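> Predicted coordinates and the sequence they were generated for:
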Amino acid sequence: RGVRAVLVLPAFVAMRPMGAVVRTVRSRYLNDRIESVGRATAMSAASLVFSVVRFPLLLGAGVVADAFGPYVALSAVNAAFVGCAAVLWVVETPIRAGHDTGVVPAD
């Protein structure tokens, strides 16, 4: 049982910096695709929606952890994340061919 705890520890340690990376990429993605008029409002609304969606997911993960244990809960959250990412990748490709990203190449 102690070995499993040692294996899960890196996942919990990695969650904090990965959250910062995801927030940065998400903000940049939205910032590049929203016109300047109303950008602050749209970014604020997106942040609110992410927070509202995150709350029940955290509660659900807690319920699963209480019922089946933390290892099953962590596995379920990871499986749900990978499943949602796969569906999103199939439904909508984030980068389109020939799409101007607005990035100017360095000289």
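Right, received. Where do you want to start? Residues are numbered from 1 along each chain as shown.
> going forward, measure contacts between C-alpha atoms and count neighbours the same way
Noted.
> What residues sit buried inside the helix or strand where residue 66 lies?
Residue 66 is part of helix 39-68 when elements are defined by DSSP states H and E. Within helix 39-68, the residues scored as buried using 16 or more other CA atoms under 10 Å are 42-43, 61-62, 64-65.
> same check, this time on stretch 78-85
The neighbour-count check on stretch 78-85 (16+ other CA under 10 Å) flags nothing as buried.
> average pLDDT across it?
Taken as a whole, stretch 78-85 has an average pLDDT of 85.
> Would you mind writing the CA trace of that stretch as PDB?
C-alpha atoms of stretch 78-85 as PDB (Å, rounded to 0.1, in the frame of the first residue of the first chain):
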ATOM      1  CA  ASN A  78      -7.300  10.900 -15.700                       C
ATOM      2  CA  ALA A  79      -9.400   8.600 -17.800                       C
ATOM      3  CA  ALA A  80     -12.100  11.300 -18.100                       C
ATOM      4  CA  PHE A  81      -9.500  13.900 -19.100                       C
ATOM      5  CA  VAL A  82      -8.000  11.700 -21.800                       C
ATOM      6  CA  GLY A  83     -11.400  10.800 -23.100                       C
ATOM      7  CA  CYS A  84     -12.600  14.400 -23.300                       C
ATOM      8  CA  ALA A  85      -9.300  15.400 -24.900                       C
END
